[in-house]
Structure formats: structure tokens, C-alpha cells
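> Here is a sequence with its predicted model. Questions after.
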Amino acid sequence: MSDDDASDEDVVEDEPKKSKNKGPAPLSRAEKRAAARVAAAKAARRRRVGQAIAGVVVLLVAVGGAFAGVWYFGDRAEQQKTECKKPDQSSYPPLLGGFDKRLAEEPKTEAGKEQSVGVRTVKVEIQGKCKTVKPGDTVVVNYVGLTYKDGKVFDSSWQHKQTFPVQVGMLEQGQQAQVIEGWDRGLVGLKVGSRVILDIPVKEAYNNADGYPQGDLRFYVDILDIQAADSTGGLQIPGN
């Protein structure tokens, strides 16, 4: 064998060994116990945080419920005892419990802004919260009556300090009205505790009859109470 051959053999390198991809070394028993302790501590912290949040929520709900209970069983209950009920002491005007305090003062009046009243209109100035006036009900009211065009007052229960009871809705029942048509029809459907401006065309007022207010009329009416009618349209008497 020649020197060249020998040199060729000498320069031949060994093929690299293929390395095997090995995973992490298995944990020892001590390491496993330590990892378990860490996991248990994290879980305990999560539980404590969750319990704290739940406690805050329960506390907020309890406080809110307490305030709601005070309102419902306290202020609201007290309001329900007096709302829409007659007070122990009478004064003028006689106002039921819970009424708007403005009803204790005579309304400021003014003439109408249009040339005339085409159709009857009812404008609610104060919205009542008590019973609704039905046909045949006897309505107890305070009122101021004035001529629509010039605003001249011709009658007022305030001046006499005496409320006015009258049965309304009679025309709707096919009976004779006790007041002008504008009142008989215009006050039905309103709630006790309301103050309204009732604009009435002449044909539903006094129709220019002699001795009565002329032309279109305007009334400021406070509905202070009602007494329901019986089946015959008459006034119900307590105890009968």
C-alpha cells in the first residue's frame, strides 16, 4: 500500500453520532412534594380572594336591603297611611294626605290666548294621584270662573271659602246634567288631587243666556275629593 493510500485512510473522520432528544429529568420525591406545596398555596390564595369578594358582595346586598327595608317599611309605609286620606285636622281648603301643596293656594288666573274656544279643552296644571272621577261621581272642588276673552272673574269658591260638591258625568249616563255641559263632561276621567284649566265654548257653557256669564268661559278647578255613586246614580251614604 502506498503512502498516498495510507494518508487517505488517515484523513477519514468518524461520522458524528446522532444525539437523542431527551426530556427533562424526572422530579425527585422531594421536588414533587415542594411543587405540590406551591400549587396548594396558590389554590388557597385564590380561595381566600374569592371568599373576600363574595363577602363584600353579600355586605353590599345586605346594606342595600337594609336601606330598601327602611324606605319600604318606614317612609313609604308612613306615606301610604296618609296618602289620599282625610287629615285629622280640617282647614280650608280641605286637602287629602299627599296632595300637592300648591292646592292650598288660590291659583293665579289669566285670560285665554286665542280669539275663542273652538272645542272644550282640559289642561292639567297639577296631576293628582288619587281616585279617578267616573260618571255619576260627586266631585268636591275648588274653582275660579272667568270669561275666557278678558279674564274677568265672575265666581270663585275661594272667595266664599266653601268648596262645591256636584255630580258629574250625568249626560254620559243619559241623565240630566247638574252643571253646564263643559263641567259635566270635562271633569270625568281626571284624578283627585288635580288642578286643571277648563276652557269651555259658549255652547257648552251658558249659551249667552240672560243673567249668566256670556261667551266662552275658563275655569280653574281643583278636584279635592269624590264620593262614588251607587247603581242608581245616587250618592252613596257611608253605612248604607
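Nice, thanks for sending it over. Residues are numbered from 1 along each chain as shown.

> make it CA atoms for all contacts and neighbour counts henceforth
Noted.

> Can you show me the strands along the protein?
Taking DSSP state E to define them, one finds strands in the chain at 121-126, 138-147, 153-156, 164-167, 195-200, 217-227.

> relative orientation of the second one and strand 195-200 in degrees?
Using axes from the mean of the first three to the mean of the last three CA atoms, to 10 degrees, the interaxial angle of strand 138-147 with respect to strand 195-200 works out to 60 degrees.

> can you pull the contacts of Gln178?
166-168, 170, 184 (CA atoms under 8 Å, 6 or more residues apart in numbering).

> Relative to Glu181, how far out is the nearest residue in space to Tyr212 that is not next to it in sequence?
Closest residue in space to Tyr212, ignoring its immediate chain neighbours: Tyr206 at 6.5 Å, by CA to CA, 6 or more residues apart in numbering. Using CA to CA, to the nearest Å, Tyr206 is found at 9 Å from Glu181.

> cool, Val196 as well?
For Val196 relative to Glu181 (CA to CA), the value is 16 Å.

> Likewise for Lys113?
From Lys113 across to Glu181, the span is 22 Å (CA to CA).

> out of these two, which sits in the busier spot?
Glu181 (21 against 10; other CA atoms under 10 Å).

> Would you mind confirming that the more buried one makes contact with Val202?
No: using CA atoms under 8 Å, Glu181 is not in contact with Val202; the gap is 10.1 Å.

> Present the strands of the chain as a markdown table; the columns should include mean pLDDT and mean neighbour count.
Converted to a markdown table, these look like this (pLDDT from 0 to 100; neighbours: other CA atoms under 10 Å):
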| stretch | mean pLDDT | mean neighbour count |
| --- | --- | --- |
| strand 121-126 | 98 | 15 |
| strand 138-147 | 97 | 22 |
| strand 153-156 | 97 | 16 |
| strand 164-167 | 95 | 18 |
| strand 195-200 | 98 | 24 |
| strand 217-227 | 96 | 25 |
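
> want to throw the ones you listed into a markdown table with distance to Ser91?
Listed next are the strands of the chain as a markdown table, based on distance: least, CA to CA, whole Å:
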| stretch | distance to Ser91 |
| --- | --- |
| strand 121-126 | 20 |
| strand 138-147 | 13 |
| strand 153-156 | 18 |
| strand 164-167 | 15 |
| strand 195-200 | 18 |
| strand 217-227 | 13 |
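
> Quick check: which ranges of this protein have low pLDDT?
Low-confidence segments of the chain (pLDDT under 70): 1-25, 57-59, 61-81, 88-89, 228-240.

> what's the overlap in contacts for Glu181 and Val202?
With contacts taken as CA under 8 Å, 6+ apart, not a single residue reaches both Glu181 and Val202.

> Enumerate every residue touching the residue nearest the centre of the chain.
Taking CA atoms, centre = their mean, the centroid of the chain lies closest to Lys129, which sits 11.1 Å from it. Applying CA under 8 Å, 6+ apart to Lys129 gives the contacts 84, 191-194.

> And those, which is closest to Val221?
Closest approach to Val221 among the contacts of Lys129 (CA to CA): Ser194, at 8.2 Å.

> Would you agree the closest one is in contact with Lys131?
No: counting by CA under 8 Å, Ser194 stays clear of Lys131, with 10.3 Å between them.

> Of these two, give the one with the bigger neighbour count.
More crowded of Ser194 and Lys131, by other CA under 10 Å: Ser194, with 22 against 16.

> what about the nearest residue to that one once chain neighbours are set aside, distance to His160?
Closest residue to Ser194 apart from its sequence neighbours, by CA to CA, 6+ apart: Gly128 at 4.1 Å. Distance from Gly128 to His160, counting by CA to CA: 24 Å.

> more crowded one of the two?
Gly128 (21 against 8).

> That one and Asp225: what is the separation?
With CA to CA as the criterion, Gly128 and Asp225 are 11 Å apart.
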